[in-house]
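In: need coordinates for the below:
(chains A and B)
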Amino acid sequence: MTDLAIRCSEAHVNYFVRTNRQLIRSVIRGQKPEIRVIEAVKGVTFDVNVGESVGLIGPNGSGKTSLLQAMTGLLPLNKGEVLVKSIPTFLGVQAVLRPQLTGWRNIQLGLLAQGLSKSEAENMTSSVADFCELGDFLDLPMETFSSGMKARLHFAVATALAPDILLIDEALAVGDRSFQKKSSARLEEHRAKAGTILLVSHNLEEVRQSCQRVIWLEGGTIVADGPANDVIEAYEAS
Amino acid sequence: MDLLKVGESVSLSEYLKRLWAHRHFMIRVPLEDLRAQNSHTFLGSIWLVLNPLLQVGVYFLVFGLIMPIDRGVDQYLVFLTIGVFVFFNSQRVISESTRSLVINVGLIRTVHFPRAVLPMSATVGQALAFIPVFVVMTIVVLAYGNWPHVRWLLILPVFVIQNAFSLGIGLIGARINHSYRDLENLLPFVFRLLFYISGVLYSVDSVVEDDFWRAIFLLNPMYCLVSLWRWVMVGTSTGVEVWLATGVWSLLALMVGLSAFRSKETTYGGTG
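Out: Okay, here's the model as predicted:
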């Protein structure tokens, strides 16, 4: 019997958006503020075992990112629940730690933010820096980095501690080919060591390569869940 | 195999334990920010000392020389320096803590950590920035012939009490500012008003005679803190009730602040 890493049952994620821009106007006119409810995820249920890597595919606005964010506890669930073996690490494209500080400092802060002590963080900094392959650029403030460079640093920091569960949101897409190769090698190595990975991507080739199983989301619900090749084929045919 | 529920708040003791695990982060971030702050200026970190010196200079010029309002306060410059610096420290802690969630939204969406780390690290940052300010203040105090006194042993405890209060209010501020960004616009005016009613520029004792109104001033924690500092530094007479009021204010602010902040812990980073 395999260990369960994630159990997502009947998860609902709603966004509440105030449509009249200023609250004060509706208060003065005595209207109720108009709130539009956007149901991003509508009752999604699935289990992921330890050591599995699962791809999440689907068109824009199908709820993929919302689902990932809800699984990290960043977005509150409106119904249902998500149980995890340990709190997942989220890796997204908004890879900004502190733009005015140098790459080196950002690596250290990123490690400290994950709860490492000062000496542990210092010991790890150089190996993280090596993985980024950014060389002298690490001496420059991060605001001067290109988006691909930021993504490298961010990926290196997020995966440095080999979190049990890693949720990746399109984060690999911005890197160049050599970094993509390197990062998928690290993910594979990570998965082999009983790590669990959920990958959101529009690059179906990448998903096919790094995931054995794929979940296809559309309109906030699961359309298909099964072996990568079968689901991707069905998705492409749709 | 036990599974955790995502988005569930942890117990207070577990929360405090996690905060403690992030202590290095809380010190390192503000240190780096201080370093980066003046990196584009010619004088660099000298500004950390120059800034308080210029402040005292301006106040002395205006209220000491141009239109003296000392109303019989001895050593008005000493009186003013302590008042202004202590007040501004609390003001900065509270406003920086209040903005901390909004400023660091990128960090919140990227890494998991107890969110109270952010206001706390803002507080630590202001405490670090207070060191040069404190040195200037001490020089002014010494220059007027106030020699070190046993009371000075209480400097650190008073500073800790002050920061407990400011952090507590800052936590409440951060919680409100997360939903209503309006608070950021309002705060400068609240502090301007407080500045004038907290006895920073004048001695409350010489303005207020009746006991009732003096008791009302105890409801103003900023007045209490400024008075305590003056007593510790130069022995300006202060009643026991001021100590008591300050203690109650700090404890209350910290407890209410922490629980108010934690009640929305899981939503920080979201849309408010």
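In: name the residues of the stretch 51-200 of chain B found near chain A, please.
Out: Contacts of the stretch 51-200 of chain B with chain A, taken as C-beta under 8 Å from any C-beta of the partner chain, map to B:106-113. Backbone N, C-alpha and C define where each C-beta goes, glycine included.
In: recalculate using a threshold of 6 Å.
Out: By C-beta under 6 Å from any C-beta of the partner chain, the part of the stretch 51-200 of chain B that sits against chain A consists of B:106, B:111-113.
In: go ahead and build a PyMOL selection from the buried members of those residues.
Out: Command for PyMOL, covering only those of those found buried under the criterion 16 or more other C-beta atoms under 10 Å in any protein chain shown:
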select buried, chain B and resi 106+111+112+113
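In: restricted to helices, list the residues of the stretch 51-200 of chain B next to chain A.
Out: Secondary structure from DSSP state H places residue B:106 of these in helices.
In: now the strands for the chain?
Out: Assuming you mean chain A. Secondary structure of chain A (DSSP state E): strands at A:4-18, A:35-49, A:53-57, A:79-84, A:89-91, A:165-169, A:196-200, A:213-218, A:221-227.
In: right idea, wrong chain: chain B
Out: With DSSP E as the criterion, chain B has strands spanning B:4-5.
In: on that earlier part again, weakest of the strands of chain A by average pLDDT?
Out: For those, mean pLDDT drops lowest on strand A:89-91, to a mean of 79.
In: what strands line up against that one, and which way round?
Out: Counting by DSSP bridges, the strands paired with strand A:89-91 are strand A:165-169 (parallel).
In: neighbouring contacts of the strand it pairs with?
Out: A:5, A:65, A:68, A:88-92, A:196-200 (C-beta atoms under 6 Å, 6 or more residues apart in numbering or on different chains).
In: export only the CA atoms of stretch B:261-272, formatted as PDB.
Out: Provided in PDB are the C-alpha atoms of stretch B:261-272 (Å, rounded to 0.1, in the frame of the first residue of the first chain):
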ATOM      1  CA  PHE B 261      -3.600  39.400  13.200                       C
ATOM      2  CA  ARG B 262      -3.800  35.700  13.400                       C
ATOM      3  CA  SER B 263      -7.500  35.600  12.800                       C
ATOM      4  CA  LYS B 264      -6.900  36.500   9.100                       C
ATOM      5  CA  GLU B 265      -3.500  34.700   8.900                       C
ATOM      6  CA  THR B 266      -4.500  32.400   6.000                       C
ATOM      7  CA  THR B 267      -5.900  35.200   3.800                       C
ATOM      8  CA  TYR B 268      -2.800  37.400   3.700                       C
ATOM      9  CA  GLY B 269      -1.500  37.300   0.100                       C
ATOM     10  CA  GLY B 270      -5.000  37.000  -1.200                       C
ATOM     11  CA  THR B 271      -7.100  39.900  -2.600                       C
ATOM     12  CA  GLY B 272      -8.200  41.300   0.700                       C
END
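In: quick one: the helices in chain B?
Out: Under DSSP H, chain B gives helices at B:12-21, B:23-37, B:47-59, B:76-103, B:105-110, B:117-143, B:155-179, B:182-197, B:204-207, B:211-218, B:221-234, B:240-262.
In: got it, and chain A?
Out: A:23-28, A:64-72, A:103-113, A:118-132, A:147-160, A:177-192, A:204-210, A:228-237.
In: can you list the low-confidence ranges for chain B?
Out: For chain B, applying pLDDT under 70 flags the ranges B:1, B:69-71, B:270-272.
In: middle-most residue in it, spatially?
Out: residue B:90 (2.1 Å; C-alpha atoms, centre = their mean).
In: and it, what does it touch?
Out: By C-beta under 6 Å, 6+ apart, residue B:90 lies in contact with residue B:166.
In: ok, 10 Å please
Out: Listed by C-beta atoms under 10 Å, 6 or more residues apart in numbering or on different chains, the contact partners of residue B:90 are B:126, B:162-163, B:165-167, B:169-170, B:191, B:194, B:198, B:221-222, B:225-226.
In: please look at residue B:96 and residue B:125 and confirm they touch.
Out: Yes - using C-beta atoms under 10 Å, residue B:96 is in contact with residue B:125, at 6.9 Å.
In: mutual contacts of these two, please.
Out: With C-beta under 10 Å, 6+ apart, residue B:96 and residue B:125 have common neighbours B:30, B:33.
In: residue B:197 - nearest residue in space that isn't next to it in sequence?
Out: Excluding its sequence neighbours, the residue lying closest to residue B:197 (C-beta to C-beta, 6 or more residues apart in numbering or on different chains) is residue B:220, at 6.6 Å.
In: the one you found: neighbour count?
Out: Residues near residue B:220, counting by other C-beta atoms under 10 Å in any protein chain shown, number 17.
In: could you pull up phi and psi at it?
Out: Phi and psi for residue B:220, reported as degrees, to the nearest 10, are phi -100, psi 100.
In: residue B:231 is nearest to which of the helices of chain A?
Out: For residue B:231, the closest of the helices of chain A is helix A:118-132, at 37.3 Å, according to C-beta to C-beta.
In: contact partners of that closest one?
Out: Residues from elsewhere that reach helix A:118-132 (C-beta under 10 Å, 6+ apart): A:103-105, A:107-117, A:135, A:138, A:149, A:151-161, A:179, A:182-183, A:186, B:23-25, B:27-28.
In: turn the helices of chain B into a markdown table, columns for distance to residue A:31.
Out: Supplementary listing: the helices of chain B in a markdown table, determined by distance: least, C-beta to C-beta, whole Å:
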| stretch | distance to residue A:31 |
| --- | --- |
| helix B:12-21 | 40 |
| helix B:23-37 | 43 |
| helix B:47-59 | 48 |
| helix B:76-103 | 28 |
| helix B:105-110 | 30 |
| helix B:117-143 | 35 |
| helix B:155-179 | 20 |
| helix B:182-197 | 20 |
| helix B:204-207 | 47 |
| helix B:211-218 | 41 |
| helix B:221-234 | 39 |
| helix B:240-262 | 29 |
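In: looking at these, which is nearest to residue A:27?
Out: It's helix B:182-197; of the helices of chain B, that one is closest to residue A:27 (C-beta to C-beta) at 12.8 Å.
In: in that closest one, what's buried?
Out: Within helix B:182-197, the residues scored as buried using 16+ other C-beta under 10 Å are B:183, B:187, B:191, B:194-195.
In: tell me what angle that helix forms with helix B:221-234.
Out: Counting by axes from the mean of the first three to the mean of the last three C-alpha atoms, to 10 degrees, helix B:182-197 lies at 50 degrees to helix B:221-234.
In: who touches helix B:182-197?
Out: Looking at what lies outside helix B:182-197 - C-beta under 10 Å, 6+ apart - the contacts are A:23-24, B:83-84, B:87-88, B:90-92, B:94-95, B:98-99, B:102, B:172-177, B:180, B:198, B:200-202, B:204, B:217, B:220-223.
In: one more: stretch B:48-55?
Out: Counting by C-beta under 10 Å, 6+ apart, B:34, B:37-38, B:43, B:47, B:80-81, B:84-85, B:88, B:128-137, B:139-140 sit against stretch B:48-55.
In: PyMOL command to pick out the buried ones of the residues you listed?
Out: Buried members of those, defined by 16+ other C-beta under 10 Å, are picked up in PyMOL with:
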select buried, chain B and resi 34+37+80+81+84+85+88+129+130+132+133+134+136+137+140
